[in-house]
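**Student:** Return atomic coordinates for the entry below.
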Amino acid sequence: MQKISEPEFNPRLYIESYYSALEIDKDNNPFPRLMAWEFLYEYIWGKEGPWSSLTDSTNLDTTALHVGFYLANWGMFRGRSELLRNSNLDLMKELVMRLFQGRGPELFDLSAKDFIPGAPNLEHNQALLDEVVQIFHDMPGNVSWTDTLISKILLGVWGEFPALDRYYKLGIRSFYPHRGLTEVSGRSLTSLMELVKTEKFDLPTIETKNLRLAYPKGRLLDMAFFQAGLRGKGHAFTL
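**Tutor:** Sure, this is the predicted structure:
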């Protein structure tokens, strides 16, 4: 047994550690909680037809329920959260209609590589992400659309932006402070992609279990930095 301390960030080790919690164990854990992201992502990206089909009369309720269950599964309806106290299915229906009938599809057709410094139309792509973020802030009702909540939804339906929750922030700040990596914006995503390129991150290829869709880069980075924050920077991996 060899122990290797991690003075520098190795995303592959953290991703593999995180992914172990997604493994289906028929005897002990047949329904792992963290699979909720895959269910939503496969629902969104496995459907045929235009983006607007997600909100037509046949699919609107199902799309809203998928988004709502994913958010509940990922802790956004617990305790005294504003979603718990100020929402119902109609809020989720309003949200997905605004996302998939507005500027969202134009953004969702992009990937992380479209935000790398020097990418074609970079400023347009950054502004587009900012416009989609504004969709949340323009929503009616009493929900406060925090960066954490917005980024969790973007992670679920798009996959190219990580969820800016407590442990992700702890993880990325412990290794890369002062880099503007913990806000949901076009410039922040570009900073993250610049970090990936500069540090030459070794990211594994992972596919969803049912449709074999490749995990997008934002999801892989979400797994890596969340696990780093959960474990603490000084954790030693056993190989």
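**Student:** how many neighbours does residue 118 have?
**Tutor:** Counted by other CB atoms under 10 Å, the residues lying close to residue 118 total 8. Quick note: C-beta positions are derived from backbone N, CA and C, even for glycine.
**Student:** nope, residue 51 is what I was after
**Tutor:** Residue 51 - counted by other CB under 10 Å - has 17 other residues nearby.
**Student:** cool, residue 30 as well?
**Tutor:** When counting by other CB under 10 Å, one arrives at 8 neighbours for residue 30.
**Student:** same check, this time on the one 5 residues further on
**Tutor:** Residue 35 has 17 neighbours, counted by other CB under 10 Å.
**Student:** same check, this time on residue 139
**Tutor:** 12.
**Student:** That one: what's it in contact with?
**Tutor:** 91, 94-95, 98, 145 (CB atoms under 8 Å, 6 or more residues apart in numbering).
**Student:** can you give me the helices for this protein?
**Tutor:** 11-19, 36-46, 60-73, 82-85, 89-101, 104-108, 122-137, 147-157, 166-175, 186-199, 217-231 (DSSP state H).
**Student:** Using CSV, lay out these together with mean pLDDT and distance to residue 27.
**Tutor:** Formatted as CSV, those follow (pLDDT from 0 to 100; distance: least, CB to CB, whole Å):
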stretch, mean pLDDT, distance to residue 27
helix 11-19, 93, 19
helix 36-46, 95, 21
helix 60-73, 94, 22
helix 82-85, 71, 33
helix 89-101, 94, 35
helix 104-108, 96, 38
helix 122-137, 97, 41
helix 147-157, 96, 29
helix 166-175, 94, 28
helix 186-199, 96, 38
helix 217-231, 95, 24
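**Student:** that older thread, of the contacts of residue 139 - the most surrounded one?
**Tutor:** Neighbour max across the contacts of residue 139 (other CB under 10 Å) = residue 95, 22 neighbours.
**Student:** Surely it is in contact with residue 68?
**Tutor:** No. Contact criterion CB atoms under 8 Å: residue 95 and residue 68 do not qualify, at 9.2 Å.
**Student:** got the helices of the chain as TSV, with distance to residue 206 columns?
**Tutor:** Listed next are the helices of the chain as TSV, based on distance: least, CB to CB, whole Å:
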stretch	distance to residue 206
helix 11-19	7
helix 36-46	10
helix 60-73	18
helix 82-85	29
helix 89-101	25
helix 104-108	20
helix 122-137	24
helix 147-157	15
helix 166-175	18
helix 186-199	16
helix 217-231	7
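**Student:** Tell me how far residue 169 lies from residue 221.
**Tutor:** 13 Å (CB to CB, to the nearest Å).
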